[in-house]
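[1] Okay, predicted coordinates and the sequence, questions at the end:
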Amino acid sequence: MHWADKIAKEIIASGKFKPYWVDDMKTPSGFAHIGSMLGPVIHSCICRALKNAGSDGVFTFVINDFDHADNMSLEFKDEYGKYLGMSLKMIPSPDPKYKSMADYFAADFVDSIRSLGVEARIISSWELYHQGKFDEVIKLALDNSEKIQDIYKKVSGSAKKEKGWLPFQVICEKCKKLGTTRIFAWNGKEVSYKCEPNMVTWAQGCGHEGKISPFGGNGKLPWKVDWAAHWKVIGVTIEGAGKDHASAGGSYDIAMTICKDIFGYERPYRLPYEFILIGGKKMSSSKGLGIKAHDLVKILPASIARFLFVSADIKSQSNFDPAGTMAIPDLFDEYDKAWEAYDKGRDEKLARTYELSQINKPPEKEKGFFVPRFRDIANYLSQGFSLDEIVGKLNEIKGGKIDDSEMAIIEERVKYAKVWLQNHAPDEYRFEITDKIPEEAKKLTEEQKKYLKEIIKVFNEEDTPESLQISLYELSKQLGIPAKEAFAAIYLSFIGKTHGPRAGMLLSKFGKKKTVERIMEVTK
Ligand SMILES: [Zn+2]
């Protein structure tokens, strides 16, 4: 059974967590990394699985736009350093189309998850605070500050905070910073605060002292308390967390305990999940490294991008390393296998993985289904085939004429194969027949030159790439030259590498006349 169905089944069987309200959240502090789409896709799958099991659920996604900036995305660090400590919602947007930095990054992330079929309703945390919806939980948190400290200590084993600590920060009325203020008194109506010059290393407070109501958006709860508060305010009953938060004694457990013991609201269903590492690293969205979430649909069709997350085992860490590897063609193959399982009605789990990967409704099942393989298409492209030639090849493989729906898939895969060849394919796929003689041709040995000259004799105008390939191989045997060296002679002369695509294909593309000219020149 697919993990989404297992989880949905467990939730329903528990008799709890009703009405089902699935939620996830993210702080819009930079361009999100592709790994950060795992959470939204997991929640989307659970929501769909609940629906398929006959139990509708609500699905929301909170943008934590009230959070302050504490580690600005690299792209903006220099210009925006002065805003560190301010709420992301109060920092100007780098693009005038948006009102704030928060809106700018949130729009980018929401677009990215929408493209993967994540159907959540988007909620702004800033708006909830400003509508007064957090007033009740803010009062509860401030009234129970000692108890909250005890929870931190009991659950995580952390040391007690300084005496008089209060779980709240306000926006300084003078310098507008949020991350630099410390509350030192609470009288049931107002909090007294100081904007501390040296409380954090990454921002400096102005020293202002004041007294202000904590309600209506004047300030916000600290992260772990804030998380629990969202559950109660929104009515969340199911929310997962990545393993950085979900380790024993981590922020997830602290938030769960605060939710129950301070806010008197039932803990949501606990769903910890592992990460997908990208190229072996977990990348933080504020570091500006690696592939961005918005780039994923530029390198993969949406359903295959979604499949990357749906097919992951959320209980163990997986890795996706597209750079210079076959990871992308492999992913297409896995997707096709799941598609076939779905179409032929076999391997329930695999078929379900395909179904949950669809952006819209899965297509009708059809008999005699044929999926043109991505790696074949990439191969043909790398050898310089035109679209017509590729279709011709695939006609042969299919053993029948390519129909319209297959043609649409071919066109889509051609588009993505071009991107792969240009950006991610291993070196042996990347070559161009150079107009000039490659420098590397100087490395040819006398034996290799002898082989090249003989090619002129065996190369006939009517040769197909396949028959030429055989002739080239036979020729190396006749001359007693190891095939590897013989073929290297061709690659060095034509593309400046020691290996490459099928040599028969390469020379056919080049044509006899140009091949002869090139060989004459490099063997001079
Ligand atoms: Zn200040």
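    In hand now; what should we look at?
[2] Flag every residue of the stretch 151-300 of the chain that's near the ion.
    172, 174-175, 195, 205-206, 208 (Cβ under 5 Å from the ion). Bear in mind the C-beta positions are built from the backbone N, C-alpha and C, glycine included.
[3] which ones among these are found in strands?
    The strands, defined by DSSP state E, take in residue 195 from these.
[4] Can you name the two of the residues of the stretch 151-300 of the chain next to the ion that sit furthest apart?
    174 and 205 (9.3 Å; Cβ to Cβ).
[5] Might you report the residue contacts of whichever residue of the stretch 201-350 of the chain sits closest to the ion?
    Nearest residue of the stretch 201-350 of the chain to the ion: residue 206, at 3.4 Å (Cβ to the ion). The neighbours of residue 206, taking Cβ atoms under 8 Å, 6 or more residues apart in numbering as the test, are 172, 174-175, 177, 180, 195, 197.
[6] before we move on, the earlier item: the residues of the stretch 151-300 of the chain next to the ion into a markdown table, with extra columns for pLDDT?
    Formatted as a markdown table, these follow (pLDDT from 0 to 100):
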| residue | pLDDT |
| --- | --- |
| 172 | 98 |
| 174 | 98 |
| 175 | 97 |
| 195 | 98 |
| 205 | 96 |
| 206 | 97 |
| 208 | 98 |
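[7] filter the residues of the stretch 151-300 of the chain next to the ion to the buried ones?
    Among these, those buried by neighbour count (16 or more other Cβ atoms under 10 Å) are 172, 175, 195, 205-206, 208.
[8] Please, which helix or strand holds residue 183?
    Element membership of residue 183 [criterion: DSSP states H and E] is strand 181-186.
[9] I misspoke; the intended subject was residue 18.
    With DSSP H and E as the criterion, residue 18 is inside neither a helix nor a strand.
[10] Hmm, it is touching residue 235, no?
    No - Residue 18 lies out of contact with residue 235 (Cβ atoms under 8 Å); the separation is 10.7 Å.
[11] for stretch 416-434, which positions count as buried?
    416-417, 420-421, 423-425, 429-431, 433.
[12] same deal with stretch 117-132?
    Buried, per 16+ other Cβ under 10 Å, within stretch 117-132: 117-118, 120, 123-126, 128-129.
[13] residues from the protein in reach of the ion?
    So the chain meets the ion at 172, 174-175, 195, 205-206, 208 (Cβ under 5 Å from the ion).
[14] can you tell me which helix in this structure is longest?
    helix 404-423 (DSSP state H).
[15] what separates that one from the chain centre, distance-wise?
    Distance of helix 404-423 from its chain centroid, counting by Cα atoms, centre = their mean, to the nearest Å, is 20 Å.
[16] Flag every buried residue along the next helix or strand after it.
    Heading C-terminal from helix 404-423, the first helix or strand you meet, by DSSP H and E, is helix 446-458. Using 16+ other Cβ under 10 Å as the test for burial, helix 446-458 gives 448-449, 451-452, 454-455.
[17] helices and strands around helix 446-458, which ones?
    Using 3 or more Cβ pairs under 8 Å, 6 or more residues apart in numbering; DSSP states H and E, the elements in contact with helix 446-458 are helix 465-479, helix 483-494, helix 512-522.
[18] Dump those to CSV, plus mean neighbour count and mean pLDDT.
    Below are those laid out as CSV (neighbours: other Cβ atoms under 10 Å; pLDDT from 0 to 100):
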stretch, mean neighbour count, mean pLDDT
helix 465-479, 16, 91
helix 483-494, 21, 93
helix 512-522, 16, 91
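[19] closest one to residue 108 among the ones you listed?
    Short answer: helix 483-494, nearest of those by Cβ to Cβ, at 42.5 Å.
[20] how many neighbours does residue 321 have?
    By other Cβ atoms under 10 Å, the residues close to residue 321 number 15.
[21] Surely it is in contact with residue 291?
    No - with contacts counted by Cβ under 8 Å, residue 321 stays clear of residue 291, the gap being 10.5 Å.
[22] Can you name every helix or strand that whichever strand or helix holds residue 113 contacts?
    Per DSSP H and E, residue 113 falls inside helix 101-115. If you count contacts as 3+ Cβ pairs under 8 Å, 6+ apart, helix 101-115 packs onto strand 58-63, strand 121-124, helix 296-299.
[23] now residue 508, nearest residue through space, not along the chain?
    residue 465 (4.3 Å; Cβ to Cβ, 6 or more residues apart in numbering).
[24] Hmm, I typed the wrong one, I wanted residue 20.
    Closest to residue 20 by Cβ to Cβ, 6+ apart is residue 57, at 3.3 Å.
[25] do the same with residue 476
    Per Cβ to Cβ, 6+ apart, closest to residue 476 is residue 486, 3.6 Å.
[26] give the contact list for the one you found.
    Residue 486 touches 448, 451, 472, 475-476, 479, counting by Cβ under 8 Å, 6+ apart.
[27] which of the residues you listed lies closest to residue 366?
    The closest of the contacts of residue 486, once distances to residue 366 are taken by Cβ to Cβ, is residue 472, at 41.2 Å.
[28] how close does that closest one sit to the ion?
    76 Å (Cβ to the ion, to the nearest Å).
[29] Next up, the contacts around the closest residue in space to that residue that isn't next to it in sequence.
    Using Cβ to Cβ, 6+ apart and skipping residues adjacent in sequence, the residue nearest residue 472 is residue 503, 5.4 Å away. Contacts of residue 503 were listed using Cβ under 8 Å, 6+ apart, and they are 468-469, 472, 487, 490-491.
[30] Residue ranges of each domain in the protein, please.
    158-219, 325-427, 439-522 (automatic domain parsing).
[31] for these, which one sits closest to residue 256?
    domain 158-219 (15.9 Å).
[32] where's the closest one relative to the chain centroid, distance-wise?
    36 Å.
[33] now do the same end-to-end measure for that domain.
    25 Å (Cα to Cα, to the nearest Å).
[34] again with stretch 370-388
    End-to-end for stretch 370-388, by Cα to Cα: 18 Å.
[35] What residues sit buried inside it?
    For stretch 370-388, by 16+ other Cβ under 10 Å, it's 370-372, 374-385.
[36] ok, now stretch 349-367?
    Quick answer for stretch 349-367 (16+ other Cβ under 10 Å): 350-359, 362.
[37] Stretch 331-346 too?
    331-332, 334-336, 338-343.
[38] who touches it?
    Contacts for stretch 331-346 (Cβ under 8 Å, 6+ apart): 300, 303-304, 307-308, 311, 320, 347, 350-351, 353-355, 357, 362, 365-366, 369, 371, 373-375, 413.
[39] average pLDDT for that stretch?
    For stretch 331-346, the mean pLDDT works out to 94.
[40] again, but for stretch 262-278
    pLDDT averaged over stretch 262-278 gives 94.
[41] buried set for that stretch?
    262-263, 265, 267-269, 271-276, 278.
[42] Please measure how far the first residue of that stretch sits from its last one.
    38 Å.
[43] can you check stretch 151-170 too?
    Across stretch 151-170, first to last residue, Cα to Cα, it's 23 Å.
[44] what's the answer for stretch 245-255, then?
    End-to-end distance (Cα to Cα), stretch 245-255: 10 Å.
[45] Return the set of buried residues in it.
    Applying 16+ other Cβ under 10 Å to stretch 245-255 flags 245-246, 250-255 as buried.
[46] before we move on, back to that, okay, the helices and strands packed on helix 101-115 in a markdown table with distance to residue 96 and mean pLDDT next?
    Listed next are these as a markdown table, based on distance: least, Cβ to Cβ, whole Å; pLDDT from 0 to 100:
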| stretch | distance to residue 96 | mean pLDDT |
| --- | --- | --- |
| strand 58-63 | 20 | 98 |
| strand 121-124 | 20 | 98 |
| helix 296-299 | 25 | 92 |
